[in-house]
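In: Structure of the sequence below:
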Amino acid sequence: MESRTEPAEAEPEPAAAIRRPSPHGTAARPPLVRELLLVVGLFLVYKVGRQLADGHTAEAFRNANRVWDWERTLHLPGEGSVQGALLHSDTLVHLANTYYATVHFPATVAFLVWMYLRRPVHYVWARRVLAVVTAAALALHLTFPLAPPRLLAAAGLVDTGQVYGPTVYGAHPATDEMANQFAAMPSLHFGWALMVAIGLIAATRPPVSHHHPDRDASRRPLRSRLRWLWLLHPLLTLLVIVGTANHYWLDAIVATALLGIALAVIRLPRGAAATEAHGLAAADEASDEADGGAGNSGGTGGAGEKESVPELVGARR
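Out: Have a look, this model is predicted:
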């Protein structure tokens with residue numbers, strides 16, 4: 001009698017081992033070295049440009065008086081009302097100065113790094129918008145030097161950085177080699193903060209799942225509400241730059257206008273953004289299927305083990 005064995009059918013691959021789709025979809029991430037050189041180069045050009053705009057002391061104070069009068073004509077609230085609230089507490093004003101000195105640039109860098117790693121399509125869009133806004137701001141700094149309200153006698157405001165610390169500016173603008181104190185308009189502190197909030201709100205929009213509409217219906221309202229909390233960053237930045245007397249209200253208004261123009265000209269590609277969102281949705285669905293598959297395989301018990309034993313064919317012939 002002949003005895004021969006036939007291998008059983010290949011055991012299906014566990015669901016947990018199925019390769020999950022990339023959360024980035026098919027979005028192409030720009031080369032890292034090129035992006036680093038580009039961002040650093042733009043920053044250096046801006047810093048050099050700000051220094052070129054320095055030294056126009058008389059013109060900067062004439063423009064400061066004009067801006068102060070324009071704000072009163074427009075019936076904008078006085079910057080002193082915000083500063084008065086800060087000055088009620090030494091700790092509060094110190095925190096405001098610290099926020100002004102330390103949050104602006106690191107927050108923008110962290111935003112770009114996260115977008116580059118997690119949302120490459122949104123990253124390219126945000127980087128372009130920030131570059132255009134910064135270039136426009138540099139042009140205004142060169143053509144419209146402006147002394148901040150803390151240096152304007154008519155404003156009657158306290159230079160909180162010098163009195164309470166910390167500060168990023170020297171005590172005398174003419175001898176300050178680290179920064180141009182006559183580049184108040186527009187406020188890039190506010191413009192960049194507003195773009196960070198807008199970019200994160202756009203990038204964290206909940207993706208729609210075609211396979212789990214009920215689940216999305218329950219999750220989307222909470223996610224949508226929470227992502228709008230990013231607007232607290234520009235709001236807090238606005239209160240800080242005005243309360244510390246580093247900027248006028250009009251500085252933030254002009255920065256908002258420039259950002260609005262840049263966003264109108266540089267639009268987020270709809271098709272690419274949809275691909276990115278689809279990749280995120282696919283990753284969620286793969287995770288759910290993997291969890292469900294693992295549970296089902298555990299529930300079959302001995303049946304699964306029985307199928308894995310090779311079957312003997314013709315052993316008793």
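In: what residues are up against the nearest residue to Y99 once chain neighbours are set aside?
Out: Take Y99 and drop its neighbours on the chain: the residue closest to it by C-beta to C-beta, 6 or more residues apart in numbering is V240, 5.0 Å away. Using the backbone N, CA and C atoms, a C-beta is placed for each residue, glycine as well. For V240, the contact set (C-beta atoms under 8 Å, 6 or more residues apart in numbering) comprises A96, Y99, Y100, H189.
In: Could you check how far V240 is from S89?
Out: Distance, V240 to S89, using C-beta to C-beta, to the nearest Å: 14 Å.
In: do the same with L229
Out: L229 is 25 Å from S89, where distance means C-beta to C-beta.
In: got it, and A101?
Out: Relative to S89, and taking C-beta to C-beta, A101 is found at 18 Å.
In: Y123 too?
Out: For Y123, the distance to S89 - C-beta to C-beta - is 39 Å.
In: who's more crowded, these two?
Out: Between Y123 and S89, Y123 has the larger neighbour count (other C-beta atoms under 10 Å), namely 23 against 11.
In: Would you agree the more buried one is in contact with Y116?
Out: Yes: between Y123 and Y116 there is a contact under C-beta atoms under 8 Å: 4.6 Å.
In: For the two, list the residues in contact with both.
Out: Joint contacts of Y123 and Y116 (C-beta under 8 Å, 6+ apart) are R29, P30.
In: Give me the below-cutoff pLDDT ranges for the chain.
Out: Applying pLDDT under 70 to the chain flags residues 1-27, 49-55, 174-178, 207-224, 271-317.
In: can you give me the strands for it?
Out: Ranges of strands in the chain, per DSSP state E, are 4-6, 311-313.
In: What backbone torsions are found at L76?
Out: phi -70, psi 150 (degrees, to the nearest 10).
In: Quick one: residues contacting the residue nearest to it when sequence neighbours are not counted.
Out: Distance criterion C-beta to C-beta, 6+ apart; nearest residue to L76, sequence neighbours excluded, is W249 at 4.9 Å. Neighbouring residues of W249 by C-beta under 8 Å, 6+ apart: E71, L76, P77, E79, V242.
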